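Colleague: What follows is a predicted protein model with its sequence.
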Amino acid sequence: MQDWTLHADEYAAFVRDDGHLARHWEALHRGDGLPWPEERTVQRAWALFHAGRWGEALEAGHAAGPAGLAVACRAQALYATFIEPTERRKLELLLEVAQWARSRNGENAQDADAWYWQAHAMGRYAQAVQATAAVAQEMVVQIQTALERAVQLRPHHAEAHFGLGTLRAEVIDKLGTLIARSVGATSAAAIEMFERGLRLNPRAVFGRIEYAQGLLMLEGDDAVPRAEALYREAAGVAPLDAAERLGTEVAALALQD
């Protein structure tokens, strides 16, 4: 079993019974719009995730079959992005998430979560590697297609909207206006996606972090006051689970930089 638990007293406070998970499900999943799972095994996997027991959540999600894909992908992607100290291992974990999601899309193209996690993992991977312009453009098209498919299948998927905002900001910042135009990436379109994400999930911790980072890519120093305000908002959210607690810590660290 992967030992991915953050061993800190403040995370122990998020270990709750299943009744607590049911009561807070809507608030915890406003970002992905995931409905309450009927399967007891999936409920248990999500309870482990929200308690910060991410290695156990990963294994429980896989054991639950296709219905547990979202929790397995979320647990591994979160660990890879924010906790794994080795860059090579981080990339391996992200590619693995993308492969799980892509395989699921081959089985059921109507699974919004699979499309989102394919895009999310590939987006994080792309941020971490130096690709040629041609490869980068191909990845952008794949990521955008998957995110748009997730939004089509689940229009209230706030995280997919944040992902589209980040993708557009990254393209403008790193690949230039020519490629940006080819995929319809403009500053206005990026900001609209971020704003739509906030409207769908007003308490979004990681969404605010993505928005702040996107503004800095789009506007440089001019965006610093607004970006700092978004980081402060994210750091000030009262976390409902261990993942949100981690997000508030990431935001607080960003304010120190």
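Modeller: Ah, there it is.
Colleague: Now do the host helix or strand of residue 74: which elements does it pack against?
Modeller: Residue 74 belongs to helix 69-82 when assigned by DSSP states H and E. With contacts taken as 3 or more CB pairs under 8 Å, 6 or more residues apart in numbering; DSSP states H and E, helix 69-82 sits against helix 40-50, helix 54-63, helix 87-107, helix 112-128, helix 242-256. Every C-beta, even on glycine, is put in place using the N, C-alpha and C of the backbone.
Colleague: Could the C-alpha coordinates of the shortest one be exported in PDB?
Modeller: C-alpha atoms of helix 54-63 as PDB (Å, rounded to 0.1, in the frame of the first residue of the first chain):
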ATOM      1  CA  TRP A  54      -4.600   9.200  -0.400                       C
ATOM      2  CA  GLY A  55      -2.700   6.000  -0.900                       C
ATOM      3  CA  GLU A  56      -5.500   4.000   0.600                       C
ATOM      4  CA  ALA A  57      -8.000   5.900  -1.400                       C
ATOM      5  CA  LEU A  58      -6.100   5.100  -4.600                       C
ATOM      6  CA  GLU A  59      -6.200   1.400  -3.900                       C
ATOM      7  CA  ALA A  60      -9.900   1.400  -2.700                       C
ATOM      8  CA  GLY A  61     -10.900   3.300  -5.900                       C
ATOM      9  CA  HIS A  62      -9.200   0.800  -8.100                       C
ATOM     10  CA  ALA A  63     -10.800  -2.100  -6.100                       C
END
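Colleague: Give me the angle between it and helix 40-50.
Modeller: Per axes from the mean of the first three to the mean of the last three CA atoms, to 10 degrees, the angle that helix 54-63 makes with helix 40-50 is 160 degrees.
Colleague: what helices or strands is helix 54-63 leaning on?
Modeller: Where contact means 3+ CB pairs under 8 Å, 6+ apart, helix 54-63 is packed against helix 40-50, helix 69-82.
Colleague: Out of those helices, flag the one nearest residue 149.
Modeller: For residue 149, the closest of the helices and strands packed on helix 54-63 is helix 69-82, at 15.2 Å, according to CB to CB.
Colleague: who touches the closest one?
Modeller: Residues from elsewhere that reach helix 69-82, judged by CB atoms under 8 Å, 6 or more residues apart in numbering: 2, 4, 32, 34, 42, 45-46, 49, 54-55, 57-58, 60-62, 64, 89-90, 93-94, 96-97, 100-101, 104, 111, 113-114, 117, 120-121, 124, 243, 246, 250.
Colleague: average model confidence for the helix holding residue 74?
Modeller: The average of the pLDDT scores along helix 69-82 is 96.
Colleague: mind checking the SS state of residue 30?
Modeller: With DSSP: H, G, I helix; E, B strand; the rest coil as the basis, residue 30 sits in coil.
Colleague: Phi first, then psi, for it.
Modeller: phi -70, psi -30 (degrees, to the nearest 10).
Colleague: again, but for residue 176
Modeller: phi 90, psi 170.
Colleague: measure it to residue 184 for me?
Modeller: To residue 184, residue 176 is 14 Å away according to CB to CB, to the nearest Å.
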